[in-house]
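S.K.: just coords:
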């Protein structure tokens, strides 16, 4: 990071870059990079384990991010094959374009496989948490640098509502005004489309056009990501790149309602939120509540990068 102005972890959760694993393995994998693994790679070669991810807040606290389960540290031969696959698909060139746009150096990007990958995992084995501060005595408070920490304490898992059960929520303020210096908060959706958003939008456009015909699909009209017209039925698709289905729904619902109803429209469209993650049972209960109590024809559909299709009926 200090030398080149970026970390290869920037692309860690780009699940449009899934690829086959070694012969005999089932499904597709994301080959990525974690600097703590890189420092002690020889120790972890050929091993599988769960990795807990956290970040450091502006005030020095530790905040839970998520878990990658069954993460594997591949041997050199496997990484060389994965690098060739990335180069053939143009993903290395895409990384260089991303870096060029921000003026970062990419002179040594991808010279060796271990420059850009040292782990592999499946998307289904990734779980993100709602933002939660960790206790001050948590093992992650022992280090201020990128390094792996062995942890034999209780696992931090998400409950059915998606909140981290072993973590601590932001402290109660007991009626006191917040300091204007406080900066700990959940991420806010940006105003500029991310490259991942456009990738998913294009993939979904191709999928719907192939399934229903090109004339049935409209691309980004009236600020709507995609529209599908079948007879008298109009379906509006709003794509969100967020780490949980719940977050995708939260970010999209206001936009979908505005597109369908503002200021006095009565289109009665089917409203579909599209994201990269599976819903929890609580998410499905919430969506059912919106449909039943408020009559909002909204649903969530996951885009499956592994099979390049939208899951669920339309």
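M.R.: Okay, I see it. Keep in mind the model is a prediction, meaning the values are calculated, not measured.

S.K.: So residue 124 versus residue 68, what's the distance?
M.R.: 11 Å (CB to CB, to the nearest Å). For glycine as for every other residue, the C-beta is placed from the backbone atoms N, C-alpha and C.

S.K.: quick one: which of those two has more around it?
M.R.: Taking neighbours as other CB atoms under 10 Å, residue 124 and residue 68 compare with residue 68 leading, 22 against 12.

S.K.: Pull the contacting residues for that one.
M.R.: Going by CB atoms under 8 Å, 6 or more residues apart in numbering, residue 68 touches 50-51, 53, 121, 125-126.

S.K.: And the strands in the stretch 151-300 of the chain?
M.R.: 217-221, 224-230, 233-239, 270-275, 298-304 (DSSP state E, counting those that start in this stretch).

S.K.: Verify the stated contact: residue 208 with residue 216.
M.R.: Yes: when contacts are counted by CB atoms under 8 Å, residue 208 is listed as touching residue 216 (7.4 Å).

S.K.: More neighbours: which of the two?
M.R.: With neighbours defined as other CB under 10 Å, residue 208 and residue 216 compare such that residue 208 has more, 22 against 15.

S.K.: Chain neighbours aside, what residue packs nearest to the more buried one?
M.R.: Spatial nearest neighbour of residue 208, chain neighbours left out: residue 217 (4.8 Å); criterion: CB to CB, 6 or more residues apart in numbering.

S.K.: Which parts of this protein belong to which domain?
M.R.: Segmentation of the chain into domains, based on automatic domain parsing, reads 8-142, 195-310.

S.K.: Of all these, which one is nearest residue 149?
M.R.: domain 8-142 (5.5 Å; CB to CB).

S.K.: quick one on the thing from earlier: any residues in contact with both of residue 208 and residue 216?
M.R.: What both residue 208 and residue 216 touch, as defined by CB under 8 Å, 6+ apart, is the set residue 228.

S.K.: returning to that earlier point: in the contacts of residue 68, find the pair that's most separated.
M.R.: Maximum distance among the contacts of residue 68 (CB to CB): 12.5 Å, for 53 and 125.

S.K.: burial count for residue 256?
M.R.: A count of nearby residues for residue 256, using other CB under 10 Å, gives 23.
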